[in-house]
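> After the sequence you'll find the predicted model.
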Amino acid sequence: MAEQIGQIVRSVAGHDKSELFCVVGQRDGYLLLANGKQRKAASPKLKKPGHVQPLDQGAFDHPVIRKLQNKETVSDRELRSALAAFKGGNHAWQKTI
């Protein structure tokens, strides 16, 4: 399994189908998913990699994604902010020159 921490994924199976999540970790072949709302960072959802669809993040480089990839802790508020920015294409957190 490739390193997927920090990847934004869409659930394709289960009662949370079509919801967006961020991969906050991996354990025993499962992905640990959180979105800061229904699934908090402190109690992430375990889901099989085949039950999620990795989304093309393109140039999306949110500070929260970098924190996750550096194995730093993130708050639920930060997760919600990153997912909202991804959904809306809102890149206001980036400084423009």
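Right, received. Where do you want to start? Residues are numbered from 1 along each chain as shown.

> okay, which residue is most central for this structure?
Nearest residue to the geometric centre of the chain (C-alpha atoms, centre = their mean): Cys22, 1.1 Å.

> Verify the stated contact: that one with Ala34.
Yes: the pair Cys22 and Ala34 passes the contact test of C-beta atoms under 8 Å, sitting 6.1 Å apart. Quick note: C-beta positions are derived from backbone N, CA and C, even for glycine.

> shared neighbours of these two, anything?
Leu79 (C-beta atoms under 8 Å, 6 or more residues apart in numbering).

> Just the buried positions in the helix or strand containing the residue nearest to the centre of the chain, please.
Counting by DSSP states H and E, the element that carries Cys22 is strand 20-27. Applying a neighbour-count criterion of 16 or more other C-beta atoms under 10 Å, one finds Leu20, Phe21, Cys22, Val23, Val24, Gly25, Gln26 buried in strand 20-27.

> Stretch 13-22 too?
For stretch 13-22, burial by neighbour count (16+ other C-beta under 10 Å) applies to Asp16, Glu19, Leu20, Phe21, Cys22.

> Check the gap between the closest residue to the fourth one other than its chain neighbours and Ala59 for me.
Translated: Phe21. Nearest non-adjacent residue to Phe21, counting by C-beta to C-beta, 6 or more residues apart in numbering: Leu33, 3.8 Å away. Distance, Leu33 to Ala59, using C-beta to C-beta, to the nearest Å: 23 Å.
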